[in-house]
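1. Provide a 3D model corresponding to the input given below.
(one chain, ligands or ions: 2)
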Amino acid sequence: MATNRVDSWIEDRRTAGVVRWERVREEERKEREREERERDRCVVCMTEGREVICWPCRCLAMCNPCREALAAQSAASTHRCPCCRRGVDGFSRIYVP
Ligand SMILES: [Zn+2]
Ligand SMILES: [Zn+2]
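-> Ligands and ions are numbered 1, 2, ... in the order given. Model prediction:
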């Protein structure tokens, strides 16, 4: 009897450990997914996808509406990359088919 109790106690502990481990993995997966989502979001508005490359730094950092907003609020010669803060000579919009 006593042995059975110990066995089932060990089994319980083991199950609890597995459940805990599964939960940790689930958290890690969610965290990774969140990071991946953020990585391809525009660094300015954090909602749109990135589709504009800054030159010459070549940061793919912004969505097109933010690029337009940036262009509208300041002279072209004062444009700075929102990512690395270097001066920007121009933008290219990219298309990912
Ligand atoms: Zn944006
Ligand atoms: Zn940059």
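2. And the next helix or strand past the helix ranked longest in the chain?
-> Ranked by number of residues, the top helix in the chain under DSSP state H is helix 2-39. Using DSSP states H and E, the next helix or strand after helix 2-39 towards the C-terminus is strand 52-55.
3. Show me the contact partners of that following strand.
-> 59-64, 66-67, 81, 83, 86, 88-94 (C-beta atoms under 8 Å, 6 or more residues apart in numbering). C-betas here are computed from N, CA, C, even on glycine.
4. which of those residues come close to ligand 1?
-> For ligand 1, the contacts drawn from those by C-beta under 5 Å from the ion are 63, 66.
5. Now which of the contacts of strand 52-55 would you call buried?
-> Buried by 16 or more other C-beta atoms under 10 Å: 59, 61-64, 66-67, 81, 83, 88, 91, out of the contacts of strand 52-55.
6. Could I get the residues you listed in a markdown table, plus columns for distance to Glu48?
-> What follows is those, written out as a markdown table (distance: C-beta to C-beta, whole Å):
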| residue | distance to Glu48 |
| --- | --- |
| Cys59 | 15 |
| Ala61 | 11 |
| Met62 | 8 |
| Cys63 | 3 |
| Asn64 | 8 |
| Cys66 | 7 |
| Arg67 | 10 |
| Cys81 | 17 |
| Cys83 | 15 |
| Val88 | 18 |
| Phe91 | 15 |
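7. ok, and of the residues you listed, which contact ligand 2?
-> 59, 81, 83.
8. check contacts around the last one.
-> Which is Cys83. 43, 54, 57, 59, 61.
9. among those residues, which two are most distant?
-> Val43 and Cys57 (12.7 Å; C-beta to C-beta).
10. Closest to the centroid, which residue in the protein?
-> Closest residue to the average C-alpha location of the chain: Glu38 at 2.4 Å, with C-alpha atoms, centre = their mean.
11. Now flag whichever of the contacts of Cys83 is closest to ligand 1.
-> Distance to ligand 1 across those (C-beta to the ion) is lowest for Val43, with 7.6 Å.
12. All good on my end, thank you.
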